[in-house]
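Peer 1: how would this look folded up:
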Amino acid sequence: MSAHPSAASAPNPGLVLDMAQAYQRTAALKAAIELDIFGAIGRGHNEVAAIARYATASERGIRILCDFLCICRVLDKKDDAYHHTPTSATFLDPASPACMASITHFLASPDIEGVYNQLADIVRAGRTALPGSGSVEPENPLWVEFANNMAPMMGPLAGPLGALVLEGRPGPMHVLDIAAGHGLFGIEIAKQNPHAHVTGLDWAPVLRVALENAKKAGVQDRYDMLPGSAFDVYFAGPYDLVLLTNFLHHFDRPTNVGLLKKVRDALKPGGCAATLEFVPNDDRISPPMPAGFALTMLATTASGDAYTYPELQSMYADAGFAKISKHPIPMSPHTVVMGIA
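Peer 2: The predicted structure is shown next:
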């Protein structure tokens, strides 16, 4: 068996320095978004003096920050003028419909960032240093922030997920969207199938965000809200489809099997349960983003993890599901896992 590529490389102190100073990249991105640097460049303010006037900032500060953003490959520089890269034009310029700058309000918030200052203690304990059950503590306001700010990152996944779960399922259907958050996944089902009726389940303050998104999409007349905890509320049903998007990773295996059994009981015979997850390879170190997500779960939950497909497949099977399958979403770190009741 060949060694992992990193094991075969020559000693590189730059890797150590890069990790030690990685916080600088996060800080630079947050500052650039706060100062609207990407908006300024999108509007044609390309030179230091013009950007500084637009941002009400010092020229020295703007020059150094913009140079650093070029080093990070989210800006280009030519003849002392700064320009968008394809990435920043698409995902960081507020004028772009695909702008995802708002995700920093959640991913780089003090509540999330601060946890990592205690990582050694977290590793010793094997669980988050956050109180109670961590990020999934009941009524945690963190999830309102998630619903408000993470839609630009999750939105592009909704279309492929909808197409997958609706394949071969035309006509009227009832859908339960567990941990709906921003609601975009259930809303996408309603958009793709005009006969689908969706029930979003989440904490009441979070569902208000989902309902607003349903109104914007024009599907509010087919969108109901079921407030509360997925572990406590009665699902009713029966449903043709249950969505569990970015949810199972917060909990340990027995908790997930119990929830999946509850989901199966709420499905019609032949109904589908679909979960969207970061699914690493069996080696747990690749691909980088799904595998690295395990650290997020260690830092923010009591027992969550980034589960491999065999682990998720086993959970589904133990809950009584059949025809379990996985469907990686192209150009995304996510995988859809589906099981039939």
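Peer 1: mind listing the strands in the stretch 151-300 of the chain by residue range?
Peer 2: 173-178, 196-202, 223-227, 239-245, 267-278 (DSSP state E, counting those that start in this stretch).
Peer 1: quick one, which of these is nearest to Pro160?
Peer 2: strand 267-278 (9.7 Å; CB to CB). C-beta: built from backbone N, CA, C; applies to glycine.
Peer 1: picking that back up, take the strands of the stretch 151-300 of the chain and lay them out in JSON lines including mean neighbour count and mean pLDDT.
Peer 2: Formatted as JSON lines, those follow (neighbours: other CB atoms under 10 Å; pLDDT from 0 to 100):
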{"stretch": "strand 173-178", "mean neighbour count": "25", "mean pLDDT": "97"}
{"stretch": "strand 196-202", "mean neighbour count": "25", "mean pLDDT": "96"}
{"stretch": "strand 223-227", "mean neighbour count": "19", "mean pLDDT": "95"}
{"stretch": "strand 239-245", "mean neighbour count": "25", "mean pLDDT": "96"}
{"stretch": "strand 267-278", "mean neighbour count": "21", "mean pLDDT": "96"}
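Peer 1: Compare those and give me the one nearest Leu142.
Peer 2: strand 196-202 (12.5 Å).
Peer 1: the inter-axis angle of the closest one versus strand 239-245?
Peer 2: 40 degrees (axes from the mean of the first three to the mean of the last three CA atoms, to 10 degrees).
Peer 1: roughly how far out does strand 196-202 sit from the chain middle?
Peer 2: 19 Å (CA atoms, centre = their mean, to the nearest Å).
Peer 1: Can I get the strands of the stretch 151-300 of the chain in JSON lines including distance to Ala306?
Peer 2: Formatted as JSON lines, the strands of the stretch 151-300 of the chain follow (distance: least, CB to CB, whole Å):
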{"stretch": "strand 173-178", "distance to Ala306": "19"}
{"stretch": "strand 196-202", "distance to Ala306": "22"}
{"stretch": "strand 223-227", "distance to Ala306": "28"}
{"stretch": "strand 239-245", "distance to Ala306": "15"}
{"stretch": "strand 267-278", "distance to Ala306": "5"}
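Peer 1: The nearest residue to Arg253 once chain neighbours are set aside and Thr255, how far apart?
Peer 2: Among residues not flanking Arg253 along the chain, Met315 sits closest, at 6.2 Å (CB to CB, 6 or more residues apart in numbering). Counting by CB to CB, to the nearest Å, the separation of Met315 from Thr255 is 10 Å.
Peer 1: quick revisit: can you tell me the helix or strand for the residue nearest to Arg253?
Peer 2: helix 309-318 (DSSP states H and E).
Peer 1: thinking again about what came up before, now for the strands of the stretch 151-300 of the chain, which one comes closest to Asn149?
Peer 2: strand 196-202 (15.4 Å).
Peer 1: partners of the closest one in the sheet?
Peer 2: strand 173-178 (parallel), strand 223-227 (parallel) (DSSP bridges).
Peer 1: Next, name the residue at the spatial heart of the protein.
Peer 2: By CA atoms, centre = their mean, the mean C-alpha position of the chain lies nearest to Met154, the distance being 5.7 Å.
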